[in-house]
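Engineer: mind folding the following:
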Amino acid sequence: MENISKVWLGELPKDSPYVKPFRMYYVQNGVEKNWDLLKVHDSVAIILFNTTRQKLVLVRQFRPAVYHGIISSALGNFEKVDLKEFPPVIGVTLELCAGIVDKQMSWEEIAREEVLEECGYNVPVERIEQVMVYRSGVGSSGAKQAMYYCEVNDEDKANSGGGVDDEMIEVVELTLAEAQRMVQQGAVNNSPPSCLMGLMWFFANKAPKAI
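Structural biologist: Next comes the predicted model:
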């Protein structure tokens, strides 16, 4: 996952299937304004709890945006990266199992598919419980994300997970104590807000019943 030998930046192609930048104009209280936006896919995220092991199941992966953000915070604008000064591991995150909505399927079916592909658990869609729906990237994309909760067990394990095609995803099991440390006051980590919110929801709504 961290075996990255070269990093460089380039222009975003206009035919990108994932990100489309544009500018929106509007008049607010009689004043013309504009805002630069990104059109991105909506997405799903799934809180997974293995009841056999009493552990939360997350995924670990290299995120170029996180890596770029860390380097740009330190250097400002840059063209090349010293991989010894900025090892790729600093761009690795812990996240909920998640995926974009890009198929003609129900969101619950997409969530079920992501659980199987990323984490290796084959569960019926009826066990996918909707938690909440909200907007992410409200300053740039306003994309919708639906969060789900699913309890799995060792008997549901169908494969090792890890994603499909050229994805590099590591399945990580956290004890409840380890997960709690991620959301305690003063914690610093690379996880996105949806992951931290999902963990807090779990501890507020499911963990007392599961322990």
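
Engineer: please make it C-alpha for all contacts and neighbour counts, starting now.
Structural biologist: Noted.

Engineer: show me where the chain has helices.
Structural biologist: Along the chain, counting by DSSP state H, helices occupy 64-75, 107-114, 176-182, 193-205, 207-210.

Engineer: just the mean pLDDT for the first one, thanks.
Structural biologist: Here helix 64-75 scores 96 as its mean pLDDT.

Engineer: so which of the helices of the chain is the most surrounded?
Structural biologist: Most buried of the helices of the chain, by mean neighbour count (mean count of other Cα atoms under 10 Å): helix 107-114, with a mean of 22.

Engineer: contacts for that one?
Structural biologist: With contact meaning Cα atoms under 8 Å, 6 or more residues apart in numbering, helix 107-114 is reached by 44-46, 97-99, 101, 103, 122-125, 128, 146, 148.

Engineer: of those, buried ones?
Structural biologist: Neighbour-count burial (16 or more other Cα atoms under 10 Å) applied to these gives 44-46, 97-99, 101, 122-123, 125, 128, 146, 148.

Engineer: from those, pick the one nearest L199.
Structural biologist: I46 (10.5 Å; Cα to Cα).

Engineer: can you tell me the closest non-neighbouring residue to the closest one?
Structural biologist: Once flanking residues are discounted, I46 sits nearest to Y148: 4.6 Å by Cα to Cα, 6 or more residues apart in numbering.

Engineer: contacting residues around the one you found?
Structural biologist: By Cα under 8 Å, 6+ apart, the contact list for Y148 reads V44, A45, I46, I47, A111, I128, E129, Q130, V131, M132.

Engineer: which members of those are the farthest-apart pair?
Structural biologist: Pairwise distances across those (Cα to Cα) peak at 13.4 Å, for the pair A111 and M132.

Engineer: who's sitting farthest from the centroid in the chain?
Structural biologist: Here the centre of the chain is the reference, and by Cα atoms, centre = their mean the most remote residue is G30, at 38.8 Å.

Engineer: out of everything not next to it in sequence, what's closest to E32?
Structural biologist: Nearest non-adjacent residue to E32, counting by Cα to Cα, 6+ apart: Y26, 5.8 Å away.

Engineer: number of residues surrounding the one you found?
Structural biologist: 11 (other Cα atoms under 10 Å).

Engineer: show me what the residue nearest to I46 bridges to in the sheet.
Structural biologist: Y148 has the following beta-bridge partners by DSSP bridges: I46, Q130.

Engineer: surely S191 touches G91?
Structural biologist: No: in this structure, S191 is not within contact of G91 by Cα atoms under 8 Å, at 10.3 Å.

Engineer: compare those two (neighbour count), which wins?
Structural biologist: More neighbours surround G91 than the other of S191 and G91, with 20 against 16 (other Cα under 10 Å).
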